[in-house]
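Novice: here is a sequence with its predicted model. Questions after.
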Amino acid sequence: MTPSSSAPFDLGWRSSRLGDATQISSGLTLGRNLNGRQCRLVPYLRVANVKDGFLDLRDVKKTLASEEEIAACRLQPGDVLLTEGGDPDKLGRGSYWQGQIEECLHQNHIFRIRFDQTNFDPAFLAFQFGSPYGKAYFLRHAKQTTGIATINKVVLSNFPLLIPPFAEQRTLAASLLTNLKLIESATKASQLRRQEFAALADAIIYSSCLQGSSRRVPLGEGLIEVKDGIGSSWKSHLVLGATRGGIAPARERPGKHAERYKPVTAGTVFYNPMRILIGSIAFADDDDEAGITSPDYVVLKGKPGVVDSRWFYYWLRSPPGERCIQSLARGAVRERMLFNRLAEGEIEIPDYDTQMKASKALAQIKPMNAANQKQITDLEALPQKLLAQVFKC
């Protein structure tokens, strides 16, 4: 959109170059030569403090600065802050300063936008930069290298700022703030339910271990390792990976020796041996599409009549399973937990009938958790949808 005084979308709004309507400045350069100047320690904002839509002030560093620098870079309530770059999807990342710290500066990789607050609402401007409208502008004009995109002061100055009447700015900003807080509350509630589902699974596992008869056996006696590759049919299979959230499509297609990729069918437990300590363990349930996974992964199933695979998967992710994994680890930063090592662990295993009853209860958690995760995904997409409705072009 070319800046002009005409209404941008028949809403009676005018537009202007950001540089013509505001003052844009960079902040303090760290590591500069102080040349013996008298300085004092003051808080300052780093790029890490400026998030997409909010400021994270849990860890604010301090730096030496002269009185002249403090006067030039000191933040004032209402200043809008934007980072100059990062991941392409984070261009336009920023928020506005509300005076949370009495005396605070900003570093040179953060742009400070200052304006007449009788004509501009800071929340409205921050929302505009973070909207699909703003992000699209930054993405079109950013300088991009491998995985990194940056904007400079010229690009920011040319931003086509949309300017509704001041009263309308405040009304729209207040409405957005209210709706975004409601979305945040709903998202937190859904995230809490996700934790509750995990706790329910742990409780079912714990209860099953107290019921019926049980015996302590080495894991190697109850599990079967899947070693053979899928062979020449690998192209027709979905490639799967294990994450902390469970099963997920793999990021990359098979490379060399694709025929060695291991089959993942219903009842298969598999994990990344380099990431098992952080919980990258997955399970292919009855309703999951069969696929293949990396030959570097450990793939296994429970022995029929001895260990139910679903029960074992949830046990492995439960506190007793985590303790077992930790007991087998040797303290290396990048521990490789291959099947032979896992097989050395011991487990207090309930009888098979008790496992099966618990397994049926555990199977009910998956669809509830999936529905809740979809709700989280939908809620996380809502803020940008709301902003797109306001700043549509």
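Specialist: Okay, I see it.

Novice: just the helices in the stretch 1-150 of the chain please.
Specialist: Under the criterion DSSP state H, counting those that start in this stretch, the stretch 1-150 of the chain carries helices at the ranges 18-21, 67-73, 122-130, 132-141.

Novice: turn the ones you listed into TSV, including mean pLDDT.
Specialist: As requested, those are arranged in TSV below (pLDDT from 0 to 100):
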stretch	mean pLDDT
helix 18-21	96
helix 67-73	95
helix 122-130	96
helix 132-141	93
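
Novice: of those helices, flag the one that's most buried.
Specialist: Each of the helices of the stretch 1-150 of the chain was given a mean neighbour count from mean count of other CB atoms under 10 Å, and the largest, a mean of 24, is that of helix 122-130. Backbone N, C-alpha and C define where each C-beta goes, glycine included.

Novice: dump the residue contacts of Phe197.
Specialist: Phe197 makes contacts with Ile365, Met368, Asn369, Asn372, as judged by CB atoms under 8 Å, 6 or more residues apart in numbering.

Novice: in a strand, that's where the second one is, yeah?
Specialist: In other words, Met368. No - secondary structure assignment (DSSP: H, G, I helix; E, B strand; the rest coil) places Met368 in helix, not in a strand.

Novice: and it, what's its pLDDT?
Specialist: Met368 carries a pLDDT value of 95.

Novice: how many neighbours does it have?
Specialist: Close neighbours of Met368, defined as other CB atoms under 10 Å, add up to 13.

Novice: before we move on, what about the one 4 residues further on?
Specialist: The burial count assigned to Asn372 is 18, neighbours taken as other CB under 10 Å.

Novice: for the one 10 residues further on, same thing?
Specialist: Applying other CB under 10 Å, we find 16 other residues in the vicinity of Leu382.

Novice: quick one: low-confidence residue ranges for the stretch 251-393 of the chain.
Specialist: Low-confidence segments of the stretch 251-393 of the chain, defined by pLDDT under 70: 331-335, 393.

Novice: re earlier: what's the closest of the helices of the stretch 1-150 of the chain to Thr171?
Specialist: Taking CB to CB as the criterion, Thr171 comes closest to helix 122-130 out of the helices of the stretch 1-150 of the chain, the separation being 9.3 Å.

Novice: re earlier: need the contacts of Phe197 in JSON lines with distance to Ile278, can you?
Specialist: Below are the contacts of Phe197 laid out as JSON lines (distance: CB to CB, whole Å):
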{"residue": "Ile365", "distance to Ile278": "22"}
{"residue": "Met368", "distance to Ile278": "25"}
{"residue": "Asn369", "distance to Ile278": "20"}
{"residue": "Asn372", "distance to Ile278": "22"}
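
Novice: ok, of the residues you listed, which one's closest to Arg275?
Specialist: Each of these was checked against Arg275 using CB to CB; the closest is Asn369, at 21.0 Å.

Novice: identify the residues contacting that closest one.
Specialist: By CB under 8 Å, 6+ apart, the contact set of Asn369 is Arg194, Phe197.

Novice: sorry, back to before: Asp288 is nearest to which of the helices of the stretch 1-150 of the chain?
Specialist: The closest of these to Asp288 is helix 132-141. By CB to CB, the value is 33.8 Å.

Novice: what is that closest one packed up against?
Specialist: In terms of contacts (3 or more CB pairs under 8 Å, 6 or more residues apart in numbering; DSSP states H and E), helix 132-141 is packed against helix 365-390.
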